[in-house]
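> Please find the sequence and the predicted model below.
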Amino acid sequence: MTSTTVPSISPSDQDVIQAIQASREEHPNLGVARLQAAILSANASWTLSEKRLRKILKTTDGGVDARSAPETPLAPTPTKTAPHAFPISKLNDELNVEQWTRKVQVKVFGKTKGKGLVATEDIKEALHGAPESFRPLPSHRPLTPLNDPRGIQDAQSTSKRCALCALPLISSKFNPIGCGHECGSVWCSRLCASRSQLSHPFLCSVQNPAVAPLLKYIREQAWIALGAWTKVVALLLGEWSAASSNANVKVGTSKEWKVVRGLAAMSLRERLKVLSDWEVSQHANGVLWKTSHELYVQAFDAPSDPVSAKKLAKLKKNKVLPDDIHKELFEFENFLIHLGRMSLNLEAHGAIYILHSHLNHSCQPNVSIKHLEGPNQPGRITVIAKTPIAVGEELVVSYVDPEADVKARRNKLREWNFGECRCKRCIEENKKQRKQKGVETAEAGAEGDDVERQELDGLEGELRDVLGL
């Protein structure tokens, strides 16, 4: 009887690095010994000593080779207070990117990183496709900012801007079209009024008086994420109400639903856990969430007074949502997920843009976002290439201040639940800091104390960022 011996293979450093990344994606907390066992279990023909593994881990900053940009720059790094969880996004296979540009396409990178945008041709200066405006959904209906520095929301509520496209209505050439119910909303054209006909009734304090307390609360709290989700739900309910008489239309299968579900999402409960002293602030936020959820349910599902309930039922054509859709929209835990979805995808001015929401982070971004100003394109944005982008290269922006040092950038990114950034720049800067730390231990310790004090002092601001306030 002859035994067969499988020849041992000594893998290259790059092969080991890839194996490390694969193992840590599944088990981010493995120590060196268990990591070695996991790698050898997955690669039975390999020979890999613990000494060599330690050397590779040390020279590659935990398994990411700084000599080349990794496919996934943000890697799992569990915090000391809670296990790490990543935002989850879904691919919208019906999304037509060509409505904005033919220079990019959506690509799925993997479970941790999710989807992103890659170039379909060499890009030298900018994306010359039609820039996105306040168009969160393919039907071109807007999510206008609620806490915008330019005061767009206030201007809309006082009939100074179009309720949909936010166009200023100060010129005599406009003949604004009013709501008809004297709620204060006006539109610059019949087109904008037509595009608002599904969502506006649910946001109109006359047609749906139950929504008034929720809108007031949003203004008082300056809660952009809650305001954005309120507008999304108004659109989804309006679409459902309009289609409810058609038995062939299944609720929850429209383009609007697919866009919303495709946005990266994570519950506010999970996002809160990345904050300093998150357990201390959990109770206060629980009260905030409960209050907002009660107002939200009263506004769109179960008004507390009979008159408001009757008016809301009329808007819904006395139809009842299917149980699965009702649960998805109104169950408390799903409500927290939706708020997290909004806060994760909101652009700096408080709107959600479909294409923009696909852009991933890098501390060395190759594109930037420019807001186009002008009377005919309020709030429109375009994507500008900062460096030449080759075919197949991913388009990335910076979610944080790119001028900050590596520790500050990584701390800020943790608020997004994206883990520790492991882009080429962060790896190289971290190595330099570790070398300096060996020589300047006292200075580094003092600096760390200062940073810790600053982080504690900034807890309130950090919390507001996470909640989308």
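On my side now, so go ahead.
> so Glu239 touches Lys255, yeah?
No. Counting by Cβ atoms under 8 Å, Glu239 stays clear of Lys255, with 9.5 Å between them. All C-beta atoms are positioned from the backbone trio N, CA, C, and that covers glycine.
> neighbour-wise, which of the two wins?
Between Glu239 and Lys255, Glu239 has the larger neighbour count (other Cβ atoms under 10 Å), namely 21 against 15.
> ok, now which ones touch the more buried one?
198, 254, 256 (Cβ atoms under 8 Å, 6 or more residues apart in numbering).
> do Ala404 as well
Per Cβ under 8 Å, 6+ apart, neighbours of Ala404: Lys412.
> List phi and psi for it.
phi -70, psi 160 (degrees, to the nearest 10).
> which residues sit in contact with Ile39?
By Cβ under 8 Å, 6+ apart, the contact set of Ile39 is 16, 19-20, 23, 46, 48, 53.
> How many residues are close by Asp401?
11.
> swap that for Glu393, sorry
16.
> I'd like to know how far it sits from Val97.
Computed as Cβ to Cβ, to the nearest Å, the Glu393 to Val97 distance reads 16 Å.
> Surely Met266 is in contact with Pro87?
Yes. Using Cβ under 8 Å, Met266 is in contact with Pro87, at 4.2 Å.
> Return every residue with contacts to both of these two.
In contact with both Met266 and Pro87: 340, 344, 417, using Cβ under 8 Å, 6+ apart.
> Throw the residues you listed into JSON lines and include distance to Cys165, secondary structure and neighbour count, thanks.
Formatted as JSON lines, those follow (distance: Cβ to Cβ, whole Å; DSSP: H, G, I helix; E, B strand; the rest coil; neighbours: other Cβ atoms under 10 Å):
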{"residue": "Gly340", "distance to Cys165": "28", "secondary structure": "helix", "neighbour count": "27"}
{"residue": "Leu344", "distance to Cys165": "25", "secondary structure": "helix", "neighbour count": "22"}
{"residue": "Asn417", "distance to Cys165": "33", "secondary structure": "coil", "neighbour count": "22"}
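> what's the closest of the residues you listed to Lys424?
Minimum distance to Lys424 across the shared contacts of Met266 and Pro87 is 22.0 Å, recorded for Asn417 (Cβ to Cβ).
> quick one: that closest one and Phe86 touch, right?
Yes. Using Cβ under 8 Å, Asn417 makes contact with Phe86 at a distance of 6.2 Å.
> what's the overlap in contacts for these two?
By Cβ under 8 Å, 6+ apart, the residues touching both Asn417 and Phe86 are Met266.
> quick one, strands of this structure?
74-75, 104-110, 114-119, 177-178, 186-187, 360-361, 367-372, 380-385, 394-397, 420-421 (DSSP state E).
> Could I get these in JSON lines, plus columns for mean pLDDT and distance to Ile427?
Listed next are those as JSON lines, based on pLDDT from 0 to 100; distance: least, Cβ to Cβ, whole Å:
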{"stretch": "strand 74-75", "mean pLDDT": "48", "distance to Ile427": "10"}
{"stretch": "strand 104-110", "mean pLDDT": "87", "distance to Ile427": "18"}
{"stretch": "strand 114-119", "mean pLDDT": "90", "distance to Ile427": "20"}
{"stretch": "strand 177-178", "mean pLDDT": "89", "distance to Ile427": "56"}
{"stretch": "strand 186-187", "mean pLDDT": "90", "distance to Ile427": "51"}
{"stretch": "strand 360-361", "mean pLDDT": "88", "distance to Ile427": "15"}
{"stretch": "strand 367-372", "mean pLDDT": "78", "distance to Ile427": "21"}
{"stretch": "strand 380-385", "mean pLDDT": "80", "distance to Ile427": "24"}
{"stretch": "strand 394-397", "mean pLDDT": "91", "distance to Ile427": "16"}
{"stretch": "strand 420-421", "mean pLDDT": "78", "distance to Ile427": "9"}
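> Distance of Ile224 relative to Ala42?
In terms of Cβ to Cβ, Ile224 sits 44 Å off from Ala42.
> Same question for Leu35.
11 Å.
> So for the two, which residue has more residues nearby?
More neighbours surround Leu35 than the other of Leu35 and Ala42, with 21 against 12 (other Cβ under 10 Å).
> ok, the residue lying closest to that one once chain neighbours are set aside - contacts?
Using Cβ to Cβ, 6 or more residues apart in numbering and skipping the chain neighbours, the partner closest in space to Leu35 is Ser23 (5.9 Å). Ser23 sits next to 30, 35, 38-39, 42 when contact means Cβ under 8 Å, 6+ apart.
> how near is Met266 to Arg434?
Taken as Cβ to Cβ, the span from Met266 to Arg434 is 31 Å.
> what do you get for Lys273?
For Lys273, the distance to Arg434 (Cβ to Cβ) stands at 27 Å.
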